[in-house]
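Visitor: Sequence unavailable; structure follows:
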């Protein structure tokens, strides 16, 4: 009888962990757009555009959206999707690169391990081409499922013969930011 109780307890514990460890979670995001932001790319080239607050432009000079939040240290992304996306027509003054805007929402969710914390990092391209017009995302909901990663107890590999193991090493102090040329005379 005791053996049967132990087996039942083990089954309930295992099934409960699997069910509760992989629940769908939902986060709601509202993007705050800032219009008429001026960027000086060179002395003779300035652009005026819109960006999402606390975010930047990508290589195509289109806005990006990135955010992060803390998750359990052994989490992995099982699945994710967005829903209830609300769009807004883009103003004419924006200088977006039309050819670099996708006709579908480009989104990516990853788990990143920092020094003492683990973060879920969401990256989104907030511009979408709909009916040959650019629209910007104002809000959306993210459904995601995180699971527990399988612990991997591999022994750390050591490098036995590295090109960095010998030679002279130098440390330089930098007075101000910029590009520095390090040549043989230096």
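Guide: Nice, thanks for sending it over. This one's a predicted model, so the numbers in the text were calculated from it and none came from an experiment.
Visitor: Please count neighbours and contacts with C-alpha atoms only from this point.
Guide: OK.
Visitor: which stretches of the protein aren't confidently modelled?
Guide: 1-22, 92-94, 151-162, 164-165, 186 (pLDDT under 70).
Visitor: Going by residue numbers, what spans are strands in it?
Guide: Counting by DSSP state E, the chain has strands at residues 24-30, 33-42, 45-52, 65-71, 75-89, 106-113, 118-125, 127-130, 133-148.
Visitor: Of all those, which one is nearest residue 167?
Guide: For residue 167, the closest of the strands of the chain is strand 106-113, at 32.6 Å, according to C-alpha to C-alpha.
Visitor: What lies in contact with the closest one?
Guide: The contact list for strand 106-113, computed with C-alpha atoms under 8 Å, 6 or more residues apart in numbering, reads 73, 75-77, 80, 118-126.
Visitor: Would you reformat the residues you listed as CSV and include distance to residue 47?
Guide: Below are the contacts of strand 106-113 laid out as CSV (distance: C-alpha to C-alpha, whole Å):
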residue, distance to residue 47
73, 42
75, 41
76, 40
77, 38
80, 35
118, 37
119, 34
120, 33
121, 29
122, 27
123, 24
124, 22
125, 19
126, 19
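Visitor: Out of those, the closest to residue 143 would be?
Guide: Taking C-alpha to C-alpha as the measure, residue 143 lies nearest residue 80 of these, at 5.5 Å.
Visitor: so who does the residue lying closest to that closest one once chain neighbours are set aside touch?
Guide: Nearest residue to residue 80 in three dimensions, chain neighbours excluded: residue 144, at 4.1 Å (C-alpha to C-alpha, 6 or more residues apart in numbering). Contact partners of residue 144, counting by C-alpha under 8 Å, 6+ apart, are 24-26, 77-81.
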